[in-house]
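Visitor: Build me a model from this:
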Amino acid sequence: MWVLAMFDLPVGSLKAKRDYARFRKKLLTQGFYRLQFSVYGRHCASSDSAGRIARVVEAALPPNGQVRLLMVTERQFGKMQVYEGQKRVETEQPAQQFVLF
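Guide: The predicted structure is shown next:
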């Protein structure tokens with residue numbers, strides 16, 4: 001399962017810039033990485049872990065702006081078409097998970 005965070009946050013004042021930076025850093029510390037400007041994604045092992053990540057992101061929401069979280073399955077994410085200019089490129093692959101015995 002993938003969690004996509006899409007956001008549009010104001011950066012007109014110094015406080016708003018700080019809120020933006022804090023929110024973005026929180027996403028990065030939670031394992032998200034940038035797919036596009038203001039669109040970050042994170043792979044989760046299950047819908048339960050995606051729900052936990054969504055609650056963490058919700059707790060970090062800045063007071064202004066708009067944030068959307070979208071949860072999609074691995075299969076749906078794999079069907080995404082990504083283009084750079086006129087060329088199609090491969091979709092991101094989830095990080096390899098370690099198994100401990």
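
Visitor: Tell me the helices and strands packed up against the lowest-mean-pLDDT helix or strand in the chain.
Guide: Ranked by mean pLDDT, DSSP states H and E, the helix or strand of the chain with the weakest confidence is strand 87-89, at a mean of 78. Packed against strand 87-89, as judged by 3 or more Cβ pairs under 8 Å, 6 or more residues apart in numbering; DSSP states H and E, are the following elements: strand 82-84. Where you see a C-beta, it was placed from the backbone N, CA and C, and this is true even at glycine.

Visitor: what comes into contact with the strand it packs on?
Guide: Residues outside strand 82-84 that contact it (Cβ atoms under 8 Å, 6 or more residues apart in numbering): 88-91.

Visitor: Separate out the buried members of those.
Guide: Neighbour counting by 16 or more other Cβ atoms under 10 Å classes none of the contacts of strand 82-84 as buried.

Visitor: With the flanking residues excluded, which residue is spatially nearest to L70?
Guide: L4 (4.4 Å; Cβ to Cβ, 6 or more residues apart in numbering).

Visitor: quick one: what helix or strand has that neighbour in it?
Guide: Using DSSP states H and E, the element containing L4 is strand 2-8.

Visitor: All set now, cheers.
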